[in-house]
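# Okay, sequence plus prediction incoming.
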Amino acid sequence: MRFSGHVVLRGKKVGRPSQRITLHQHELKVTSAKITKHDKKGDQALTVSRINNQNALDEVRLHTEGMVYPGDYTLELDFEAPITTGMTGIYPCFFKDGEVEKQLIMTQFESHHAREGFPCVDEPEAKAVFNMTLVTRPGIAVLGNTPVKEQKEITSKDGGLTAYNLKANDTAEKYLVTTFEPTPRMSSYLLAFVMGDLISRSTKTKRGTEVSTWATVAQPADSLDYALDVAKRSIEFFEDYFGVDYPLAKADHVACPDFSAGAMENWGLITYRERVLLAYPGETAQSTFEQIALVIAHETSHQWFGNLVTMRWWDDLWLNESFANMMEYQAVDVMFPEWHVWNTFIAAEGLSALRRDAVAGVQAVKSEVHHPDEISSLFDPSIVYAKGGRLLYMLKNYVGEEAFRQGLAAYFKKHAYGNTEGADLWAALSETSGKDIASFMNPWLTRSGFPLVTVEQEGTELTFRQEQFLDDPKKADPERKWPVPLFATTPGLPDSFEAAEVKLQGSADPTLINSGAKGHYIVRYATDEQKKHVLDLVRSRELAEPDRLMLLNGSSMMSRAGYEAFGNVLAMLEAYEQETSEPVWDIMALVVGESRRFIDLDDALEPKIKAFVDKLVANQVTRLGWSTQDGESSADQKLRALVLGLSCYAENSASVAKAKELFAAYKDRNEQIPAEIRTLAFVVPVKEGDKAAFDFLLKLHDTTQNSDLKNDACDALTATRDPKRATELLARLKDPKLVKPQDVDRWLVYLLRNRYTRATAWEWMVTNWQWLEDTFKNDKSYDYLPRYAASCVNTREYQQKFRDLFESKQDQVLLKRNIQLGFEEIETRVSWLERDIASVQTFFS
Ligand SMILES: [Zn+2]
């Protein structure tokens, strides 16, 4: 578990002369260094007087006897380091092949972890061509960003290792030497390798790019087929859409057993969690197929947006992620039109963005970055991905598809292999659209939050008003305004307005705005007549799906902020009783989930909420039943799982009996349950305290290689109502052989959200905080912990517990942002629950 290396860097020294050269490194030991200057007089060696490994500063300083003047230099350094299990830098992935414990060795260099692998200038603007050679044990697959140029075996006996400046660090006699083709000019965070016992499937794109999907030998080969098809078609889609060819000769996609994020777009060697790459014929849910396609399309779009053209510095991270977030839907919509993924985009990304963006103190999409640790906390999925993606979707609809696409093609051609800022993209899009894009987009990107837009119509007179929307309106900035695109249903109105208030003459027809939920704002119709009109359109389903779901979402958000009582939102749900759209049901289920928070304040509400939910889902339970129908839409398959899940929550006796029957057949006779409804069939017996079911699912979790099935087992086991069982599950989290570190947060947060196990899980989290910190402090999932914890808090008692745990941890750069947002989120939520409990009690009585 050690590695050693030798790096040669060629480049230019700029700036003032000095007596040292500084490079990034983290936890490496640089053991020797040579500096050579190249000029007209030929090559001259500079004497390195001291190598200073400054771990606290992430630097190695090479002090020289003479001055280092500006000019061309070559540096050669030898270094070594242990391989540690944190999932950054160079790290091991553990898996079991039958009874044999094996591991892959792989890299995760984004955002600032290349410096854990080798000394370098580890910043996105420092692009370079990388020539990589890996010396490994023989008989394994060795993958890099580019195709293999040469591969040969050497032995330690004949001095073969010294040619690579390496010492044998174990007793092996034979080594495999793999040299890769040079990479394109690129940033250090995109360099990658994976090595170990892997299987693969391969194909070629129309233009001849070799595309392969890879997994450990423990996985069945046919689990790679679905991803392979999507990966190939994604490249073909983006080549066509961007008008720029995929720049490498090959694209590998690797499923990795230990992985912190969802996936990573290393150029030509994309790495994934197993769950978002592998699909098991007959055992994978429709929602998982969709997720796999979206993630592959996301990472493939980065091969252009991010890899070919890269943000200059991390404050423009949104240029990478917001863009990929939108383009994943663009690609999947073309590959699988029958899925209608733009509706999923509105429901998933839209809601996530609006709800996070309503918390006072949230960051803007474009935020300053000073400390490297801040980079990780910037990857807030609701802001940098979801909100940013939503803003680009708004922009695309504002300028039109064709101008958008042509602008992108021009942008890629102009900036290929270079670095950019937002202004470069706006310049390209302004040219093709003829609109001033910078002045439209900058307010949205640099200001946090979004407007509540009120529309007041009296006959033909229209008044539009905007104000900042926050869960706590007292904290809104009265001066904050945005250029609001109207997307109005009636013709003759301007494209957008920027003032606090505008009065316009429209037609006598009712005016609806933000049609298709294309804009990042929520709408409030002012008069009773307007409100009645939109609800009539909901009942008759004449309003489009995105508008139906955003209307309910807006109403529920306005209730949290005190514009109306939550009892009214529940009353509004009744207009949705005939609803058949899955994305709309997503927000309906979310509103039901919000109503369940009130149970923490008043237990007597629980049976009433259950009766209400049972009635709400009745039509769809009858329509969809328990079996997949031939030719059924993917939305209906997902909706079935959603409404049956709610029906089981409501303890509908027929649904509960059916779930138990399916589980018994699965457990006793190995009869498959349709993957989409598998979780709910697992959950029911666990909730009822069925000991045999619990033990069966725990064993299933520990033995299956199918990570989707593993997650379903986790979701069911954490639904237990027995605190003793919860204690058993929590005790397993510290053993990586039982629960992979990448999955610890899932187990913990599910037990925290479960009101029967919350106290036990909270106490475990407090007692084991030091372990959580030691294990995850370098990991993206670490800063999610306060966020997840805050999401479970509904009472003053837990508000205090949250303070007790996190108040003292605000000095950790990585946690600070999510702790402060947690304080804010909890205060507004608890105030809202206390304020609206009476209206909810009245509604249910
Ligand atoms: Zn991404």
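Good, I have the coordinates. All figures in this text were calculated on a predicted structure; none of them were measured in a lab.
# Listing request: residues of the chain with sub-threshold pLDDT.
Across the chain, the ranges flagged by pLDDT under 70 are 157-159, 165-172, 372-373.
# longest helix in it, by residue count?
Longest helix in the chain by number of residues (criterion: DSSP state H): helix 813-844.
# which parts of that one are buried?
By neighbour count with 16 or more other Cβ atoms under 10 Å, helix 813-844 contains the buried residues 813-826, 828-830, 832-833, 836-837, 839-841, 843-844. (Each C-beta comes from the backbone N, C-alpha and C, glycine too.)
# Can you name every helix or strand that that helix contacts?
helix 372-378, helix 545-560, helix 566-573, helix 582-597, helix 605-624, helix 784-791, helix 796-806 (3 or more Cβ pairs under 8 Å, 6 or more residues apart in numbering; DSSP states H and E).
# need the helices for the stretch 51-200 of the chain, in chain order.
Using DSSP state H, counting those that start in this stretch, no helices are found in the stretch 51-200 of the chain.
# Measure how buried the residue in it that the ion sits nearest to is and give me the count.
Going by Cβ to the ion, the ion is nearest to E110 of the stretch 51-200 of the chain, at 9.0 Å. E110 has 26 neighbours, counted by other Cβ atoms under 10 Å.
# interface residues of the stretch 301-450 of the chain facing the ion?
Counting by Cβ under 5 Å from the ion, the residues of the stretch 301-450 of the chain close to the ion are E321, A324.
# which residues of the stretch 301-450 of the chain fall in helices?
Along the stretch 301-450 of the chain, counting by DSSP H, counting those that start in this stretch, helices occupy 317-335, 341-345, 351-356, 372-378, 388-399, 401-415, 422-433, 437-446.
# Figure out which of these is closest to L77.
In terms of Cβ to Cβ, the element of those nearest to L77 is helix 372-378, at 20.9 Å.
# same for the closest one, what does it pack against?
If contacts are counted by 3+ Cβ pairs under 8 Å, 6+ apart, helix 372-378 sits against helix 813-844.
# Tell me what angle the helix it packs on forms with helix 566-573.
If you take axes from the mean of the first three to the mean of the last three Cα atoms, to 10 degrees, helix 813-844 sits at 70 degrees to helix 566-573.
# ok, back up a step: can you lay out the helices of the stretch 301-450 of the chain as JSON lines showing mean neighbour count?
Shown next, in JSON lines, are the helices of the stretch 301-450 of the chain (neighbours: other Cβ atoms under 10 Å):
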{"stretch": "helix 317-335", "mean neighbour count": "24"}
{"stretch": "helix 341-345", "mean neighbour count": "23"}
{"stretch": "helix 351-356", "mean neighbour count": "21"}
{"stretch": "helix 372-378", "mean neighbour count": "20"}
{"stretch": "helix 388-399", "mean neighbour count": "23"}
{"stretch": "helix 401-415", "mean neighbour count": "17"}
{"stretch": "helix 422-433", "mean neighbour count": "19"}
{"stretch": "helix 437-446", "mean neighbour count": "19"}
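# Show me how far the longest helix of the chain is from its chain's centre.
Put simply, helix 813-844 sits 24 Å off its chain's centre (Cα atoms, centre = their mean, to the nearest Å).
# and if you look at stretch 714-727?
Centre-to-centre, stretch 714-727 and its host chain are 26 Å apart (Cα atoms, centre = their mean).
# Same question for stretch 24-37.
From the chain centre to the centre of stretch 24-37 is a distance of 35 Å (Cα atoms, centre = their mean).
# Give the buried residues for that stretch.
Those would be H24, Q25, H26, L28, V30, A33, I35, K37, for stretch 24-37 by 16+ other Cβ under 10 Å.
# Mind checking which of the residues you listed are in strands?
Those of those mapping onto strands are H24, V30, A33, I35, K37, per DSSP state E.
# Identify, from those, the entry nearest to L248.
Among these, H24 lies closest to L248 (Cβ to Cβ), at 25.5 Å.
# which residues touch that closest one?
D58, E59, V60, H112, A114, R115, P119, C120, V121, D122, E123 (Cβ atoms under 8 Å, 6 or more residues apart in numbering).
# Now with 10 Å, please.
Contacts for H24 (Cβ atoms under 10 Å, 6 or more residues apart in numbering) come out as 57-60, 112, 114-116, 118-123, 126, 188, 372.
# From the ion, how far out is it?
In this structure, H24 and the ion are 23 Å apart, going by Cβ to the ion, to the nearest Å.
# So what sits opposite that residue in the bridge?
When bridges are called by DSSP bridges, H24 pairs up with E59, C120.
# and if you look at the one 10 residues further on?
Assessed by DSSP bridges, K34 has beta-bridge partners E76.
# residue contacts, it?
Contact analysis of K34 by Cβ under 10 Å, 6+ apart lists V8, A45, L46, T47, V48, L62, T74, L75, E76, L77, D78.
# which of those has the most neighbours?
Per-residue neighbour counts (other Cβ under 10 Å) across those peak at L77, which has 25 neighbours.
# Hmm, that one is touching L23, no?
Yes - with contact defined as Cβ atoms under 10 Å, L77 reaches L23; the gap is 7.8 Å.
# residues shared between the contacts of these two?
Here L77 and L23 have V7, L9, V30, A33, V60, L62, F118, P119, C120 as joint contacts, going by Cβ under 10 Å, 6+ apart.
# what sits against W585?
Counting by Cβ under 10 Å, 6+ apart, W585 touches 347, 549, 576, 579, 592, 616-617, 620, 635, 638-639, 642-643, 646.
# tally of neighbours for the residue nearest to P485 when sequence neighbours are not counted?
Nearest residue to P485, sequence neighbours excluded (Cβ to Cβ, 6 or more residues apart in numbering): S496, at 4.5 Å. The tally of other residues near S496 (other Cβ under 10 Å) stands at 14.
# Any chance of the backbone angles for S496?
phi -160, psi 170 (degrees, to the nearest 10).
# Contact partners for it?
Contacts for S496 (Cβ under 10 Å, 6+ apart) come out as Y398, F440, W482, P483, V484, P485, L486, F487, G519.
# how many other residues sit next to the closest residue to the first one other than its chain neighbours?
It stands for Y398. In this structure, Y398 finds its nearest non-sequential neighbour in P485, 5.1 Å apart by Cβ to Cβ, 6+ apart. For P485, the count of nearby residues is 21 (other Cβ under 10 Å).
# In this structure L228 contacts T205, no?
No - here L228 lies out of contact with T205, judged by Cβ under 10 Å, at a distance of 11.3 Å.
# intersection of neighbour lists for those two?
Common neighbours of L228 and T205 (criterion: Cβ under 10 Å, 6+ apart): V211.
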